[in-house]
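[1] My questions concern the predicted model and sequence given below.
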Amino acid sequence: MIKFGVAGNPQAFYDKGLKNSEDIPEYLSSIGLDAYEYQCSRSVKVSDDKCEKIFKQAQKYNIILSVHSPYYISLSTQEEEKKINTIKYITDTMSVAKKMGATRIVVHAGALLGLDREYAVESSCNLLKKAYEKADELGLGDITICPETMGKINQLGDSKEIIKMCKVDNRLIPTIDFGHLYCRSLGRLNSVSEWRNELKMYIDELGIDRMKNFHSHFSKMEYTQNGGEKRHVTFSDEGFGPSFEDVAEVLHELNLEPTIICESAGTQDIDSKSMKEIYFR
């Protein structure tokens with residue numbers, strides 16, 4: 001089944017006087033959502049006790065978990081020390097995921113670092129391969145790494161680049177961030193036909209087995225003509241794309257049932273509920 005959820009804790013969660021992430025599964029369940037992406041975006045320091053509490057609550061309320069790795073990861077780094085550190089950030093995030101009962105982690109490809117795009121992609125592929133080799137050594141190989149499409153034009157992570165990375169190992173599946181791709185395309189990706197072509201490309205290249213339940217992010221976004229992604233907005237902000245109605249139609253048509261994590265600015269829960277209602281309607 002398709003799942004809808006949130007990245008991090010929305011403002012309404014705090015407005016209710018709640019503070020701790022172990023309380024989020026009950027909150028999400030109470031409003032009819034199914035998924036939660038825990039944010040390790042700035043640090044992978046999460047206590048075993050916290051992991052266990054989130055695990056138990058997620059089990060109790062049937063919330064699917066994923067974990068976002070640190071934003072400062074750059075898969076194409078050429079410095080040996082940074083390569084070692086990047087692999088550690090990834091496997092540390094996988095360890096947190098396993099303790100929480102999550103099955104997926106999201107990884108940013110990172111900046112180009114002045115490299116030729118093709119060379120940067122090859123470097124990223126090699127590092128992902130080594131990350132899984134290390135994960136297997138640590139008993140973490142059952143956690144799925146999900147490289148994410150990125151929204152800034154000067155970053156790695158267009159669809160073709162993410163597909164190449166996912167071909168490194170059959171355990172890799174993409175995080176398709178619809179808002180990022182919309183920004184990166186300068187608004188071109190914003191119709192049923194465009195999203196159909198985009199998702200069919202993923203299916204053709206990676207196969208329906210991996211794409212049936214792919215990971216995804218969705219939010220409406222603002223972009224600039226020169227750089228792509230500028231900022232996340234909310235569904236109530238007018239004049240921004242992409243349209244979830246178009247995405248929902250294509251998901252239904254292609255019989256795809258991803259986990260869709262909403263990254264709206266503070267209204268993740270409200271907007272995720274809207275997406276769920278749109279899809280099932």
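    Structure received. The structure presented is a predicted model; accordingly, all values stated were derived computationally and were not measured.

[2] Asp209 belongs to a helix?
    Yes - looking at Asp209 with DSSP: H, G, I helix; E, B strand; the rest coil, it is inside a helix.

[3] From Cys146, how far out is it?
    Distance of Asp209 to Cys146, given as CB to CB, to the nearest Å: 15 Å. C-beta: built from backbone N, CA, C; applies to glycine.

[4] In terms of neighbours, single out the busier of these two.
    Cys146 (24 against 10; other CB atoms under 10 Å).

[5] which residues in the stretch 101-250 of the chain form strands?
    If DSSP state E, counting those that start in this stretch is used as the criterion, the strands of the stretch 101-250 of the chain fall at 104-108, 144-148, 175-177, 215-218, 221-224, 228-232.

[6] Kindly reformat those strands as JSON lines and extend each row with distance to Tyr14.
    Formatted as JSON lines, the strands of the stretch 101-250 of the chain follow (distance: least, CB to CB, whole Å):
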{"stretch": "strand 104-108", "distance to Tyr14": "23"}
{"stretch": "strand 144-148", "distance to Tyr14": "26"}
{"stretch": "strand 175-177", "distance to Tyr14": "25"}
{"stretch": "strand 215-218", "distance to Tyr14": "21"}
{"stretch": "strand 221-224", "distance to Tyr14": "23"}
{"stretch": "strand 228-232", "distance to Tyr14": "18"}
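
[7] and Val67, which of those is closest to it?
    Of all the strands of the stretch 101-250 of the chain, it is strand 104-108 that lies closest to Val67, at 4.9 Å by CB to CB.

[8] Dump that closest one to CSV, keeping only the CA atoms.
    Only the C-alpha atoms of strand 104-108 are listed here, as CSV (Å, rounded to 0.1, in the frame of the first residue of the first chain):
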residue,chain,number,x,y,z
ARG,A,104,15.5,2.8,4.6
ILE,A,105,17.9,5.7,4.8
VAL,A,106,18.0,8.7,2.5
VAL,A,107,21.3,10.0,1.2
HIS,A,108,22.1,13.3,-0.6
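
[9] could you check the angle strand 144-148 makes with that strand?
    Direction vectors for strand 104-108 and strand 144-148, defined by axes from the mean of the first three to the mean of the last three CA atoms, to 10 degrees, enclose an angle of 30 degrees.

[10] what residues are up against Leu127?
    Leu75, Ser76, Thr77, Lys83, Thr86, Ile87 (CB atoms under 8 Å, 6 or more residues apart in numbering).
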